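Novice: Next comes the sequence, and after it the predicted model I'd like to discuss.
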Amino acid sequence: MHFEGTHKFPMGTRLVWALLNDPGVLARATPGIKELVAYELDRYDAHFHIKLGPINSVFKGKLDVVDKITLRRYKLVVNVDAPIGVVQAAVIIALQREDDGTVVSFTGDGQLSGKLARMGQRVLTGVARMFTKQFFKAIGKETPGEEILAALGSLSGGERMAVPIKVTVNGKVHEHEVEPRQLLVQYLRETLGLTGTHVGCDTSNCGSCTIHVDGKSVKACTLLAVQADGATVRTVEGLADGDTLHPIQEGFNQEHGLQCGFCTPGMIMTSLELLENNADPGDAEIRHALEGNFCRCTGYENIVRSVKYAAAKMK
Ligand code: FES
Ligand code: FES
């Protein structure tokens with residue numbers, strides 16, 4: 001099922017962007033969504049209540065915002081596996097500034113199964129059109145939260161400064177225009193879609209965002225994307241060789257070095273730098289190297305074992 005359309009708001013791009021990025025606003029304006037709860041940056045658990053003909057159902061799904069370019073566009077990825085059927089959809093939402101307002105265009109494709117699919121293409125297209133109309137009407141009446149506006153505060157008049165950068169990430173050269181204030185971790189996750197690098201604190205404490213820049217482990221939330229111009233970056237996605245895990249990944253797998261896994265990409269990247277400089281580290285050296293990485297599941301013993309497993313394998 002394909003859907004697309006445009007809607008013009010008689011307001012500036014900055015305000016429209018803020019509205020379209022405020023989870024509270026989205027939850028209120030999107031027909032059927034009752035609540036959006038963020039469990040990670042730009043990743044949400046969505047609670048739905050759909051009333052549609054014979055369907056009256058409450059269920060949960062996932063909603064991810066990816067490929068975000070501030071004030072310009074993002075992609076919304078929806079995944080629902082509910083008793084009334086499976087929904088997988090991806091919608092690109094783009095903003096275009098005009099003299100007297102902002103045009104929002106959306107284009108998406110969705111796949112449905114179960115009861116939902118049985119409603120038929122014509123009914124579903126009509127429902128999608130009705131929902132879209134309700135959504136934009138509701139958005140136009142909303143006010144974005146102060147937090148969202150504050151995050152955009154350094155931008156004026158709906159415009160942004162853009163700085164060209166060229167970065168080699170996991171062997172592939174990327175060229176983009178980025179905002180001077182964009183963090184490297186945001187660039188990796190939102191522009192390149194490399195979400196293996198996690199954001200646990202945003203205050204350079206937890207280490208879950210650790211990557212390698214020119215061979216050294218760094219916390220990607222402490223660098224701006226513009227500072228990585230010309231650099232060679234390696235993230236956790238760049239370690240495996242096809243289906244074959246890197247020894248350090250294998251070590252975490254074999255020695256149960258992870259529980260929830262949130263800290264794991266950072267732990268792996270920090271450990272890897274250690275092993276590249278010290279082929280046979282002792283327990284104390286491993287613990288010292290990892291002291292900037294926190295595991296909220298407190299699985300430190302097994303993390304040390306995982307690093308030792310990798311050290312033995314890499315010899
Ligand atoms: S997110 Fe970078 S150190 Fe926590
Ligand atoms: S495994 Fe859960 S935070 Fe480390």
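Specialist: Arrived safely, thanks for sending. Residues are numbered from 1 along each chain as shown. Ligands and ions are numbered 1, 2, ... in the order given.

Novice: Look up how far Gly5 lies from Ala94.
Specialist: Distance of Ala94 to Gly5, computed by C-beta to C-beta, to the nearest Å: 12 Å. Every residue, glycine included, has its C-beta placed from N, CA and C.

Novice: Quick one: neighbours of Glu4, just the number.
Specialist: 13 (other C-beta atoms under 10 Å).

Novice: Now do whatever helix or strand it lives in: everything it contacts.
Specialist: Glu4 belongs to strand 2-9 when assigned by DSSP states H and E. Residues external to strand 2-9 that are found in contact with it (C-beta atoms under 8 Å, 6 or more residues apart in numbering): 15-16, 91, 98, 101-110, 125, 128-129, 132, 136, 139-140.

Novice: circling back: quick check: neighbours shared by Ala94 and Gly5?
Specialist: Both Ala94 and Gly5 are contacted by 105-106, under the criterion C-beta under 8 Å, 6+ apart.

Novice: list the buried ones in the biggest helix by length in the chain?
Specialist: Among all segments of the chain classified by DSSP state H, the helix with the greatest residue count is helix 121-140. Buried positions in helix 121-140, judged by neighbour count with 16 or more other C-beta atoms under 10 Å: 124, 127-128, 132, 135-136, 138-139.

Novice: what residues does that helix touch?
Specialist: Defining contact as C-beta under 8 Å, 6+ apart, one finds that helix 121-140 is touched by 1, 3, 5, 7, 9, 19-20, 25, 28-32, 52-53, 104, 106, 112, 116, 119.

Novice: Which parts of the stretch 201-315 of the chain are strands?
Specialist: 210-213, 216-219, 232-234 (DSSP state E, counting those that start in this stretch).

Novice: most neighbours per residue, which of these?
Specialist: Per-stretch averages of neighbours, counted by mean count of other C-beta atoms under 10 Å, single out strand 210-213 among those, with a mean of 24.

Novice: ok, that one: who's next to it in the sheet?
Specialist: Its sheet considered, strand 210-213 pairs with strand 216-219 (antiparallel), strand 232-234 (antiparallel) by DSSP bridges.

Novice: which regions of this structure lie under the pLDDT threshold?
Specialist: For the chain, the stretches flagged by pLDDT under 70 are 52-55, 115-120, 144-161.

Novice: Is it correct that Asn56 falls within a strand?
Specialist: Yes. According to DSSP: H, G, I helix; E, B strand; the rest coil, Asn56 belongs to a strand.

Novice: Could you tell me how many residues sit around it?
Specialist: A count of nearby residues for Asn56, using other C-beta under 10 Å, gives 10.

Novice: Let me see the contact set for the closest residue to Pro247 other than its chain neighbours.
Specialist: Nearest residue to Pro247, sequence neighbours excluded (C-beta to C-beta, 6 or more residues apart in numbering): Lys313, at 3.9 Å. Under the criterion of C-beta under 8 Å, 6+ apart, the neighbours of Lys313 are 247, 250-251.

Novice: Make a markdown table from these and add neighbour count and distance to ligand 1 to it.
Specialist: Compiled in a markdown table, the contacts of Lys313 are given as follows (neighbours: other C-beta atoms under 10 Å; distance: C-beta to the nearest ligand atom, whole Å):
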| residue | neighbour count | distance to ligand 1 |
| --- | --- | --- |
| Pro247 | 20 | 25 |
| Glu250 | 16 | 25 |
| Gly251 | 26 | 22 |
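
Novice: quick one: which of the residues you listed is nearest ligand 2?
Specialist: When these are compared for distance to ligand 2 (C-beta to the nearest ligand atom), Gly251 comes out closest, at 14.1 Å.

Novice: For the chain, which residues are neighbours of ligand 2?
Specialist: The interface of the chain toward ligand 2, taken as C-beta under 6 Å from any ligand atom, is made up of 258-264, 295-297, 299.

Novice: okay, those residues in CSV with neighbour count next?
Specialist: Conversion of the residues of the chain next to ligand 2 to CSV gives the following (neighbours: other C-beta atoms under 10 Å):
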residue, neighbour count
Leu258, 20
Gln259, 14
Cys260, 10
Gly261, 13
Phe262, 19
Cys263, 26
Thr264, 25
Cys295, 23
Arg296, 12
Cys297, 15
Gly299, 21
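
Novice: Sweet, I'm off.
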